[in-house]
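Asks: This is the structure alone, sequence omitted:
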């Protein structure tokens with residue numbers, strides 16, 4: 001699977017180069033975007049902002065279809081089986097394209113051939129947040145706390161997700177041993193923290209914002225290369241662990257064999273939407289960076305993400 005993924009990524013720059021005018025009649029009816037998570041999570045919020053902007057540009061309704069579960073495979077299967085006419089789009093979990101191909105996992109979807117990349121949408125850095133009962137207020141304090149209690153500090157995340165892998169990377173880089181608990185989504189993670197069943201949440205800020213405001217979790221650091229404009233006092237993980245960056249990224253895709261004139265129109269419209277100042281403001285409010293890219297740039301970005309997670313996945317030998 002890894003070799004097939006690399007081949008298709010090398011070919012991606014050749015996609016979407018036809019003039020946008022060829023798809024000028026598109027869309028002529030409502031468009032659906034399948035997402036791999038439940039309502040209210042970071043990717044869902046991003047998809048809804050994107051849908052709102054597309055709907056305004058197209059004069060057509062754009063619906064979000066939530067298909068959570070199976071580590072993103074349920075949504076991927078639904079998208080792969082959709083009619084390739086441009087009226088069903090797909091925003092996958094990034095781990096399906098970066099982490100899963102490097103694991104021992106066998107999935108019933110071929111990510112190398114079942115989808116056409118339209119472009120990158122944006123990325124959200126992971127935030128490390130602790131239960132208030134731990135009594136830690138900074139990442140270095142948390143690391144010291146965890147070192148004294150090997151495997152007693154528990155964190156939850158969907159298996160093979162970016163939050164899961166960020167927790168594994170944190171253990172490797174910080175020299176600590178936490179306990180991982182497979183947990184279906186950030187809502188359940190936060191519920192388990194409040195029930196004293198988990199100690200740590202690792203998630204993008206949109207998924208944590210309500211709990212942060214309520215004082216249910218204490219944000220310690222964000223795994224970004226720059227501080228979040230909406231949370232300027234939140235330190236970077238790299239201030240404690242140099243070079244530590246972990247983000248969940250979002251791409252817009254279509255089923256394979258979607259007509260090139262439609263994907264070209266989508267690529268042009270996506271870039272225009274992502275350069276909109278109002279969208280930038282909305283993204284900034286939820287700790288998200290827009291990522292307007294050409295197909296070649298998106299390919300290089302995905303390659304870099306594969307390079308980041310490959311040694312982590314191989315070291316821990318995870319399976320889906």
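Replies: Structure's in. What do you need? Computed from a predicted model, the values in this text were never measured in an experiment.
Asks: Show residues contacting stretch 268-288.
Replies: Stretch 268-288 is contacted by residues 20, 42, 45-46, 49-50, 53-54, 57-58, 118-119, 121-125, 127, 204-206, 209, 222, 228-231, 252, 289-292 when judged by CB atoms under 8 Å, 6 or more residues apart in numbering. In short, each C-beta sits where N, CA and C put it, glycine included.
Asks: buried subset of those residues?
Replies: Neighbour counting with 16 or more other CB atoms under 10 Å marks 20, 42, 45-46, 49-50, 53-54, 58, 118-119, 121-125, 127, 204-206, 209, 222, 228, 252, 289-292 as buried within the contacts of stretch 268-288.
Asks: May I ask you to name the longest strand in this protein?
Replies: If you go by DSSP state E, the chain has its longest strand at strand 115-130.
Asks: What lies in contact with stretch 191-201?
Replies: Counting by CB under 8 Å, 6+ apart, 128-131, 133-134, 142, 153-156, 167, 178, 181, 183, 186, 189-190, 208, 211, 216-217 sit against stretch 191-201.
Asks: Make a PyMOL selection of the buried ones in these.
Replies: A single PyMOL command selects the buried members of these (16+ other CB under 10 Å):
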select buried, resi 128+129+130+131+134+142+153+154+155+156+167+178+183+186+189+190+208+211+216+217
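Asks: State the number of residues packed around the closest residue to residue 182 other than its chain neighbours.
Replies: For residue 182, ignoring the flanking residues on the chain, the nearest one in space by CB to CB, 6 or more residues apart in numbering is residue 159 at 4.9 Å. Using other CB atoms under 10 Å, residue 159 has 19 other residues around it.
Asks: Residue 159 and residue 184 touch, don't they?
Replies: No: under the criterion of CB atoms under 8 Å, residue 159 is not in contact with residue 184, lying 9.2 Å apart.
Asks: Residue 257: what secondary structure?
Replies: coil (DSSP: H, G, I helix; E, B strand; the rest coil).
Asks: Look up how far residue 123 lies from the nearest residue to residue 228 once chain neighbours are set aside.
Replies: Nearest residue to residue 228, sequence neighbours excluded (CB to CB, 6+ apart): residue 287, at 4.7 Å. Residue 287 sits at a distance of 10 Å from residue 123 (criterion: CB to CB, to the nearest Å).
Asks: cool, and residue 88?
Replies: Distance from residue 88 to residue 123, by CB to CB: 24 Å.
Asks: do residue 212 as well
Replies: Taken as CB to CB, the span from residue 212 to residue 123 is 20 Å.
Asks: Go through the chain and flag its longest helix.
Replies: helix 295-316 (DSSP state H).
Asks: for it, packing partners?
Replies: Judged by 3 or more CB pairs under 8 Å, 6 or more residues apart in numbering; DSSP states H and E, helix 295-316 is in contact with helix 2-11, helix 95-98, strand 115-130, helix 162-174, strand 247-255.
Asks: And the strands in the stretch 151-300 of the chain?
Replies: 154-157, 179-182, 200-204, 218-222, 247-255, 289-290 (DSSP state E, counting those that start in this stretch).
Asks: Residue 30 is nearest to which of these?
Replies: With CB to CB as the measure, strand 247-255 is the member of the strands of the stretch 151-300 of the chain nearest residue 30 (15.4 Å).
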